[in-house]
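**Q** sequence plus the predicted model coming up.
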Amino acid sequence: MSEKLKRPPRPDPQAALVTGATGGIGEAFARALPAETGLVLTGRDAARLAELKAEFGTRAEIVPADLATAEGIAAVADAAERFGCDLLVNNAGLGAYGAFLEVDFEEHRRALRVNVEAAMELVHRVVPGMLARAHLADRRAGLINVASSTAFFPVPRLATYAASKAMILAFTESFSAEMSGEPIDILASCPGAVRTEFGHRAGYRGGAIPGAMAPDKVARASLAALGRQKTVVIGPLSAATFTPVALARSVFGDALMRATRVMDRVGR
């Protein structure tokens, strides 16, 4: 089954903000975007950002920032506005591996701050300007929120991470329904296991996860799905299992939004 929408192919974005750009999926997004697309790249590793700046040259602006802080979020949002971004890729994410009660709660709090609050605040700060520019230029803006296939099922020892991704999925689906009729394409990207440093940083000391995919596959599949689907589940096993669920959620959200608008008109 497919969520393909009857729209012409999207034009390439003019400028994109990519969070968590210093490695893994975020860096893959920066590399997968067309060479003509300007880049605002952010992450906590200033040295790695400087290397990316040297590689991408004048098309890139780097913003070293900690998205767990209000100051970091504000700096990134301001840079996106200055650069005139028409694509936001909310990719930054973290988690702590271990039993919930055994992990210091500040680590849970930080994961929620970055994975959920920062992503939602960037949408709240950045999307209004993107919409205004899209209306003026008769173009479509874009938003990709990187969730995870873990949004669909319980994940013991990564409970907070999985819960945060479930919230991002639900938020993205709801926000997409709200924005129907506006010049913006919104996508929840839900990859399965990916070969990144996330597991090591989270404290997982097991071996490599069998079947984990390369980050560039996630970036390319997400960019290809933007404007054609509302949710994309990436990875053979994850896609086969959860794509029908994602489609049903999307259809229900759209139906509820239409019903709400009818009720609003009746109540006036």
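**A** Noted; the coordinates are in hand. Residues are numbered from 1 along each chain as shown.
**Q** switch to C-alpha atoms for all contacts and neighbour counts from now on
**A** OK.
**Q** tell me which helix or strand the closest residue to residue 249 other than its chain neighbours sits in.
**A** Residue nearest to residue 249 in three dimensions, not counting chain neighbours: residue 173, with 7.8 Å by CA to CA, 6 or more residues apart in numbering. Using DSSP states H and E, residue 173 sits in helix 159-178.
**Q** hmm, who's touching that helix?
**A** 94-96, 99-100, 108, 111-112, 115-116, 145, 147-148, 150-155, 185-188, 230-231, 249-250, 253-254, 257 (CA atoms under 8 Å, 6 or more residues apart in numbering).
**Q** now the longest strand anywhere in the chain: buried residues?
**A** Longest strand in the chain by number of residues, with DSSP state E as the criterion: strand 184-191. Using 16 or more other CA atoms under 10 Å as the burial criterion, the residues of strand 184-191 that qualify are 184, 185, 186, 187, 188, 189, 190, 191.
**Q** so what's the second one scoring on pLDDT?
**A** Here the pLDDT value assigned to residue 185 is 98.
**Q** how about residue 2?
**A** Per-residue pLDDT puts residue 2 at 44.
**Q** residue 75: what's it in contact with?
**A** Taking CA under 8 Å, 6+ apart as the test, what residue 75 contacts is 63, 65.
**Q** now it: which helix or strand?
**A** Short version, using DSSP H and E: residue 75 is in helix 70-83.
**Q** and for residue 237, the neighbour number?
**A** When counting by other CA atoms under 10 Å, one arrives at 12 neighbours for residue 237.
**Q** now the stretch of helix or strand it belongs to: mean pLDDT?
**A** Element membership of residue 237, judged by DSSP H and E, is helix 236-267. Average pLDDT, helix 236-267: 77.
**Q** who are the packing partners of it?
**A** Helix 236-267 is packed against helix 159-178, strand 231-234, with contacts defined by 3 or more CA pairs under 8 Å, 6 or more residues apart in numbering; DSSP states H and E.
**Q** give me whichever of these is most buried.
**A** Counting by mean count of other CA atoms under 10 Å, strand 231-234 has the highest mean neighbour count of those, with a mean of 27.
**Q** output that strand as PDB, restricted to C-alpha atoms.
**A** Extracted as PDB, the C-alpha positions of strand 231-234 are listed here (Å, rounded to 0.1, in the frame of the first residue of the first chain):
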ATOM      1  CA  THR A 231       5.300   8.800   6.800                       C
ATOM      2  CA  VAL A 232       8.000   6.600   5.400                       C
ATOM      3  CA  VAL A 233       9.200   3.500   7.100                       C
ATOM      4  CA  ILE A 234      12.700   2.500   5.900                       C
END
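**Q** now for the following helix or strand past the helix holding residue 75, which elements pack on it?
**A** Where DSSP H and E defines the elements, the next helix or strand beyond helix 70-83 is strand 87-90. Applying 3+ CA pairs under 8 Å, 6+ apart, we find strand 87-90 packed against strand 15-19, helix 119-137, strand 141-146.
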